[in-house]
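[1] okay, sequence plus prediction incoming.
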2 protein chains.
Amino acid sequence: MTLAEKAYDSLRRDIVAGHLKPGAPLRMAQLSERYDMGFSPLREALNRLQAERLVTSVALKGFSVAPLSMDEMWDATNTRILIESRALRLSIEQGGDEWEAGIVGTLHALMLQAARGTASEDDARALEVRHHAFHKALLVACGSGWLMEFFQRLYVESERYRHPMLAPRPGEPARDVQAEHEALARATLARDADLACALLADHYRRTAQRLESLMAPVAAAG
Amino acid sequence: MTLAEKAYDSLRRDIVAGHLKPGAPLRMAQLSERYDMGFSPLREALNRLQAERLVTSVALKGFSVAPLSMDEMWDATNTRILIESRALRLSIEQGGDEWEAGIVGTLHALMLQAARGTASEDDARALEVRHHAFHKALLVACGSGWLMEFFQRLYVESERYRHPMLAPRPGEPARDVQAEHEALARATLARDADLACALLADHYRRTAQRLESLMAPVAAAG
DNA sequence: AAATCCAAGATTTTCGAAAATCCGTATTGC
DNA sequence: GCAATACGGATTTTCGAAAATCTTGGATTT
């Protein structure tokens, strides 16, 4: 793995995790020290991330972490529903045994990690990885590289918004996300496309609403 | 404009125009001579293009022009119809006077250039620019940055396939594309979403079918 | 007092060479 | 004879410094 690829992975992780804050300028000297490499691999990584809209850049003024906004979050949510509904329908039409096995397997792995909780940083990351794997497994039989690419893009984007939610407020009742995942998997395996798509859309809309109510006070305070 | 941006524009144009052939390796030394600049700005541009799937890369083996295939062409066509249908419906719901004026204006400019023909290279490029502007104008009131981004990505992709079609075979009757554009604009301005989306889908499917019949002999020969 | 201009420092961008890696070829060993 | 390997040239990748540009602060002018 080249340094430029390491730089890409590290920067992407730090941006998605919110360790590099939205809007923050990314100075070459700082990044060079932080990731212990020269400018060249960093600039290559930043250019890739710019194409993915995770960073912005202005000529001769450098790069910044792409900002977040509630409008953009809703846009991503709605577009996600459009893309994934289509992909899910295609998968339900075309998916075979291997596809079904993937859903069952990734759901099981997700459940195990969810039961384990997210006490440590590693556990939280593992949950995120398995969550992604499950949602990808649902769609992977759609046979469309473009739908899968757009799914990936929007998944990463939504991860940026979801991150603050992973540390749930003390008093609030935790929403049973895993039950939603299970119902979604069941409808999908039963090849009930209408139900599965409805559950998927609900799943994302609820997450978005939760996020909005969670961020509203933050935005008001900041 | 920085050299890296110039490199990005030049490479993108040459790839989309087919001047750099699908699958061809992109050697740094050659590119450096061709575009008269050092490696750094070229590598930055190539990394951006890689993120947009216009070039592929393998670590330590360098970059290549991304390949084309009929499967991928159909995938892009179908995904385009999904994305643009949604964007068109949203635009028809939400678009105001400015949006309508944009459609009428860009359609008129497109017609003028189409009447002028595509004898010279410059005319062909001008037609392509106005064609893009018209299709963008139809969707621009959708209010979704993500839909617009995906539209752009798929437009560029389809441009790569469309390019060989711009030099029409001598004997063949030219399809009246501009009539389709006019009908599409009329249905859109009449706020008839169902008809407009149907025309849009037909427009793209016909282009794809035309391309398939045009490329089949090429693929068989090569 | 407000606006403009200039210089110094900070920052980004680009280059040219060094380092690391790959590929084809010929040689060695069995 | 054939596989494995070591060598040399070609290529990519990375670094460190130079060039170009921006920003900041104060001095100067209106």
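    Now that the structure is in, tell me what you want to look at. The shown structure was predicted, so the numbers you read here are calculated from the model rather than taken from an experiment.

[2] how about A:G145, what does it touch?
    Contact analysis of A:G145 by CB atoms under 8 Å, 6 or more residues apart in numbering or on different chains lists B:E72, B:D75. The C-beta positions use only the backbone N, C-alpha and C, and glycine is treated the same way.

[3] format the CA atom coordinates belonging to stretch A:151-166 as PDB.
    Presented in PDB, the C-alpha positions along stretch A:151-166 are these (Å, rounded to 0.1, in the frame of the first residue of the first chain):
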ATOM      1  CA  PHE A 151     -24.800   3.900  -2.500                       C
ATOM      2  CA  GLN A 152     -21.300   4.000  -1.200                       C
ATOM      3  CA  ARG A 153     -21.000   7.700  -1.600                       C
ATOM      4  CA  LEU A 154     -24.200   8.400   0.300                       C
ATOM      5  CA  TYR A 155     -23.400   5.800   2.900                       C
ATOM      6  CA  VAL A 156     -20.200   7.600   3.700                       C
ATOM      7  CA  GLU A 157     -21.900  11.000   3.700                       C
ATOM      8  CA  SER A 158     -24.600   9.800   6.100                       C
ATOM      9  CA  GLU A 159     -21.900   8.300   8.300                       C
ATOM     10  CA  ARG A 160     -20.600  11.800   8.900                       C
ATOM     11  CA  TYR A 161     -24.000  12.900  10.200                       C
ATOM     12  CA  ARG A 162     -24.600   9.700  12.100                       C
ATOM     13  CA  HIS A 163     -21.400   9.900  14.100                       C
ATOM     14  CA  PRO A 164     -22.600  12.300  16.800                       C
ATOM     15  CA  MET A 165     -25.600  10.000  17.400                       C
ATOM     16  CA  LEU A 166     -23.500   7.100  18.300                       C
END
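
[4] for that stretch, give me every contacting residue.
    A:12, A:15-18, A:22, A:52-54, A:68, A:73, A:76-77, A:79-80, A:83-84, A:87, A:118, A:124, A:128, A:132, A:135-136, A:139, A:204, A:207, A:210-211, A:214-215, A:218, B:146.

[5] quick check: domain ranges of chain A?
    Structural domains annotated on chain A: A:3-65, A:70-167+A:174-221, as defined by automatic domain parsing.

[6] now these in TSV, with distance to B:V177 and mean pLDDT?
    Output for those, formatted as TSV (distance: least, CB to CB, whole Å; pLDDT from 0 to 100):
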stretch	distance to B:V177	mean pLDDT
domain A:3-65	31	98
domain A:70-167+A:174-221	24	93
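
[7] and those domains: which comes nearest B:R43?
    Relative to B:R43, the nearest member of these by CB to CB is domain A:3-65, separated by 5.8 Å.

[8] re earlier: which among the contacts of stretch A:151-166 count as buried?
    By neighbour count, with 16 or more other CB atoms under 10 Å in any protein chain shown, the contacts of stretch A:151-166 hold A:12, A:15-17, A:52-54, A:68, A:73, A:76-77, A:79-80, A:83-84, A:87, A:118, A:124, A:128, A:132, A:135-136, A:139, A:204, A:207, A:210-211, A:215, B:146 as buried.

[9] inside strands: which ones of those?
    Counting by DSSP state E, none of the members of these fall within strands.

[10] what comes up buried for the helix ranked longest in chain A?
    Looking across chain A with DSSP state H, the single longest helix is helix A:193-221. In terms of neighbour count (16+ other CB under 10 Å), helix A:193-221 has its buried residues at A:193, A:196-197, A:199-201, A:203-204, A:207-208, A:210-211, A:215.

[11] what does chain A have sitting close to DNA strand C?
    For chain A, the residues in contact with DNA strand C (CB under 7 Å from any atom of the strand) are A:25-29, A:39-40, A:43, A:57, A:59-63.

[12] so how do I select the buried members of those in ChimeraX?
    The buried residues among the residues of chain A next to DNA strand C can be selected in ChimeraX (16+ other CB under 10 Å) with this line:
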select /A:26,43,57,63
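
[13] so which of the residues of chain A next to DNA strand C also contact DNA strand D?
    Subset of the residues of chain A next to DNA strand C in contact with DNA strand D: A:F39, A:S40, A:A59, A:L60, A:K61, counting by CB under 7 Å from any atom of the strand.

[14] now distance to B:E98 and secondary structure too, for the residues you listed, in JSON lines please.
    Listed next are these as JSON lines, based on distance: CB to CB, whole Å; DSSP: H, G, I helix; E, B strand; the rest coil:
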{"residue": "A:F39", "distance to B:E98": "43", "secondary structure": "helix"}
{"residue": "A:S40", "distance to B:E98": "44", "secondary structure": "helix"}
{"residue": "A:A59", "distance to B:E98": "29", "secondary structure": "coil"}
{"residue": "A:L60", "distance to B:E98": "33", "secondary structure": "coil"}
{"residue": "A:K61", "distance to B:E98": "31", "secondary structure": "coil"}
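
[15] quick one: the residue in chain A sticking out farthest from the centre and A:A24, what's the gap?
    Here chain A reaches farthest from its C-alpha mean at A:L60, the gap being 30.8 Å by CA atoms, centre = their mean. Computed with CB to CB, to the nearest Å, the distance linking A:L60 and A:A24 is 19 Å.

[16] for A:C142, same thing?
    From A:C142 across to A:A24, the span is 36 Å (CB to CB).

[17] out of those two, which sits in the busier spot?
    In terms of neighbours (other CB atoms under 10 Å in any protein chain shown), A:C142 is the more surrounded of A:C142 and A:A24; the figures are 25 against 13.

[18] nearest residue to whichever residue of chain A sits closest to chain B other than its sequence neighbours?
    Residue of chain A nearest chain B, by CB to the nearest CB: A:A51 (3.5 Å). Closest residue in space to A:A51, ignoring its immediate chain neighbours: B:A51 at 3.5 Å, by CB to CB, 6 or more residues apart in numbering or on different chains.
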